[in-house]
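1. A predicted structure for the sequence below; I have some questions about it.
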Amino acid sequence: MTQYMFVLGKNWILSIAELIACLENRGINVKITDHSRTMAIVDIDQTLDDESLAEIQTALGGAYKIGTTVMVLERNLVKRAFPKRGSYKSRERDRLLKCPWVEIVWPKPQGKRVEFGVSAYPLSNRDNIDLSRLTKILSEAMKHRLLDRGARKAAYYLYSEPDRRDPDRPPTALWPQTISKHNLLRPPNAEILIGIMDSDVYIGRTLVVYDSMLQQYRDEARPFVTSEISTSPKICRTLLNLAGVKEGDTVLDPFCGTGTLLMEAALQGIRVRGIDLDPDAAQGARTNLRWLGQELGQQIDYSIIRGDARQVHELLKESVEGIATEPHLGPVWTEKPDRDTAISTMRELTKLYNEALKSMVQVLRDDGKIAMTLPVIQSTGGVVRMDTRPLLKGTGLEIYRLIPKDVVRSVMKKDKDLVLRPERERIPERKWGQVVQRDVIVIGRG
């Protein structure tokens, strides 16, 4: 049994659901043994090699670092050593400053030049441990510990700018591009991960990080970009994992737009099929996939059809292992509509999706899944969500429960906002400021 640390994206619940699906799709038995809003601690019944870890990291949309645990400490020890308020306990701080994990991460540092970073991830933004002081003082202590053990040189990096995702979060974690820029994953260099949980603090070493620069290049360099709001590559990867597709499978996106989801699938060696009613979008998807194949220097198995998602079974002459899509979400509102307008829009979209699902299920293999987003409209009269009963009526499909309870170890959380409720039917995927938000669901024949 090996224990891994997964640094989660901002939507931590969706990140955990995707993580479970991604690993189980690969035949890996997992157990979520602890978690915070920023990290999941996962027990896996095998040790994954570097190639497998890199492939998993590439596939994940909701986690951007993977590490392995080297030591577990009591939270109270760390809290007394680095309290956010009040004076610290000298004995506890002295124990931490011995940095006993240094011997595990660097068993033979003699004569080597070592560069490293320390990234600490809080339980939540209300954590009562002073993470800024923790990362700075531990980094200095680790530097001296390495020099005392014979390292020729030891230097560390700190991230000192505000968190771009959450300005209120202390700047205590290095971004993946910083790690890549300074080669911190190339031995003897290393990044030390510190995950703060309710009862324990996990110390680990980063094994692989998400290549954000490559993602930025694909987003900016692809030849066809629409001016309309498009699905983010991260949620595309999440939908692909929840749909259960993997290398060698065929996936369908019946509302493919310019092909963002299909590009993410193709990067994982998945055969891709797309349908879109808009001829410009369909041509844009073809152009983007052709460009991606040229960039990769390999042939991509793709087919893009201009057509209506409600006629999938007539347009697509083959079956698929899975379907992943963000369908048409209705009008792009700049201001909240009134509740009656929102309800009317939701009724029209429900009819569209229901008819499309009746057609999709005819090309979906018996054990296949459909992962999709549903609109959530913020109206002047409150939130309007889609009722799944009329959505699925007559389709023969049912909703899959997300985050299976037998995968999550029961961990008491003092903060109710940290409770991970299993067996949920939908998980919100919010983009603050947008009138139309999203829920993520997975459906299948049951």
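-> That came through, no problem.

2. Enumerate every residue touching Ser52.
-> By C-beta atoms under 8 Å, 6 or more residues apart in numbering, the contact set of Ser52 is Arg26. C-beta here means a position set from N, CA and C on the backbone, and glycine is covered the same way.

3. swap in Leu277?
-> Neighbours of Leu277 in contact, by C-beta under 8 Å, 6+ apart: 306-309.

4. would you list those in JSON lines and tack on neighbour count?
-> Shown next, in JSON lines, are the contacts of Leu277 (neighbours: other C-beta atoms under 10 Å):
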{"residue": "Arg306", "neighbour count": "17"}
{"residue": "Gly307", "neighbour count": "17"}
{"residue": "Asp308", "neighbour count": "17"}
{"residue": "Ala309", "neighbour count": "24"}
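
5. Return the member of those residues nearest to Asn125.
-> Nearest to Asn125 out of the contacts of Leu277 is Ala309 (C-beta to C-beta; 40.4 Å).

6. quick one on the thing from earlier: so which of the contacts of Leu277 belong to strands?
-> Judged by DSSP state E, the contacts of Leu277 include Arg306 as members of strands.

7. now the contacts of Leu277 in JSON lines, with distance to Thr178 and pLDDT?
-> Supplementary listing: the contacts of Leu277 in JSON lines, determined by distance: C-beta to C-beta, whole Å; pLDDT from 0 to 100:
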{"residue": "Arg306", "distance to Thr178": "43", "pLDDT": "98"}
{"residue": "Gly307", "distance to Thr178": "45", "pLDDT": "98"}
{"residue": "Asp308", "distance to Thr178": "46", "pLDDT": "98"}
{"residue": "Ala309", "distance to Thr178": "42", "pLDDT": "98"}
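
8. Quick check: the farthest pair among the contacts of Leu277?
-> Arg306 and Ala309 (11.6 Å).

9. how about the contacts of Leu277 in JSON lines, adding distance to Ser124?
-> Formatted as JSON lines, these follow (distance: C-beta to C-beta, whole Å):
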{"residue": "Arg306", "distance to Ser124": "47"}
{"residue": "Gly307", "distance to Ser124": "47"}
{"residue": "Asp308", "distance to Ser124": "45"}
{"residue": "Ala309", "distance to Ser124": "40"}
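
10. got the CA coordinates for stretch 136-144 in CSV?
-> The C-alpha trace of stretch 136-144 is given here as CSV (Å, rounded to 0.1, in the frame of the first residue of the first chain):
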residue,chain,number,x,y,z
LYS,A,136,9.9,30.2,5.6
ILE,A,137,11.3,28.9,8.9
LEU,A,138,11.2,25.3,7.8
SER,A,139,12.9,26.1,4.5
GLU,A,140,15.8,27.8,6.3
ALA,A,141,16.0,24.9,8.7
MET,A,142,16.1,22.4,5.9
LYS,A,143,18.8,24.3,4.1
HIS,A,144,21.0,24.2,7.2
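
11. so Asp253 makes contact with Ala324?
-> Yes. Asp253 lies in contact with Ala324 (C-beta atoms under 8 Å); the separation is 6.1 Å.

12. any shared contact partners between these two?
-> Leu261.

13. Tell me how many other residues crowd Leu14.
-> By the measure other C-beta atoms under 10 Å, the count of residues near Leu14 is 25.

14. please begin residue numbering at 127 from this point
-> Renumbered: residue one is now 127, and that last one reads Leu140.

15. Next, it: phi, psi?
-> The phi and psi values for Leu140, taken as degrees, to the nearest 10, are phi -60, psi -40.

16. Now for Arg432 and Ala435: what residues contact both?
-> With C-beta under 8 Å, 6+ apart as the test, Arg432 and Ala435 both reach 401, 403.

17. Isn't Gly193 up against Ala316?
-> No. In this structure Gly193 lies outside contact range of Ala316 using C-beta under 8 Å: 9.8 Å.

18. Which of these two has more residues huddled nearby?
-> Gly193 (26 against 23).

19. Helix or strand for that one, just tell me which one.
-> Following DSSP states H and E, one finds Gly193 within strand 189-200.

20. For that strand, name the packing helices and strands.
-> strand 128-134, helix 138-151, helix 176-185, helix 228-231, strand 316-322, strand 326-335 (3 or more C-beta pairs under 8 Å, 6 or more residues apart in numbering; DSSP states H and E).

21. Quick one: closest of those to Lys531.
-> Proximity to Lys531 (C-beta to C-beta) singles out helix 138-151 among those, at 11.2 Å.

22. now the angle from the closest one to strand 128-134?
-> Helix 138-151 and strand 128-134 are oriented at 140 degrees to each other (axes from the mean of the first three to the mean of the last three C-alpha atoms, to 10 degrees).

23. so where's the chain uncertain?
-> Applying pLDDT under 70 to the chain picks out residues 286-297, 343, 353-355, 536-540.

24. Can you tell me how far the spatially most central residue of the chain is from Ile142?
-> With the centre of the chain defined as its mean C-alpha position, the nearest residue by C-alpha atoms, centre = their mean is Gly188, 0.5 Å away. Using C-beta to C-beta, to the nearest Å, we find Gly188 at a distance of 8 Å from Ile142.

25. And Ile329, by the same measure?
-> 21 Å.

26. Wait, the residue nearest to the centre of the chain touches Val133, no?
-> No. Judged on C-beta under 8 Å, Gly188 makes no contact with Val133 at a distance of 10.1 Å.

27. Determine the longest helix present in the chain.
-> Assignment by DSSP state H gives helix 465-486 as the longest helix of the chain.

28. In CSV, list the C-alpha atoms belonging to that one.
-> Written as CSV, here are the backbone C-alpha positions of helix 465-486 (Å, rounded to 0.1, in the frame of the first residue of the first chain):
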residue,chain,number,x,y,z
ARG,A,465,-37.5,33.8,-12.5
ASP,A,466,-40.2,33.1,-15.1
THR,A,467,-37.8,33.6,-18.0
ALA,A,468,-35.3,31.3,-16.3
ILE,A,469,-37.9,28.6,-15.8
SER,A,470,-39.0,28.9,-19.4
THR,A,471,-35.4,28.6,-20.6
MET,A,472,-34.8,25.6,-18.4
ARG,A,473,-37.9,23.9,-19.7
GLU,A,474,-36.7,24.4,-23.3
LEU,A,475,-33.2,23.1,-22.5
THR,A,476,-34.7,20.1,-20.6
LYS,A,477,-36.7,19.1,-23.8
LEU,A,478,-33.5,19.6,-26.0
TYR,A,479,-31.4,17.4,-23.7
ASN,A,480,-34.0,14.7,-23.3
GLU,A,481,-34.4,14.3,-27.0
ALA,A,482,-30.6,14.3,-27.4
LEU,A,483,-30.2,11.7,-24.7
LYS,A,484,-32.8,9.4,-26.4
SER,A,485,-30.6,9.5,-29.5
MET,A,486,-27.3,9.3,-27.7
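
29. Check which helices and strands that helix is in contact with.
-> helix 438-441, strand 490-505, strand 508-511, helix 514-518.
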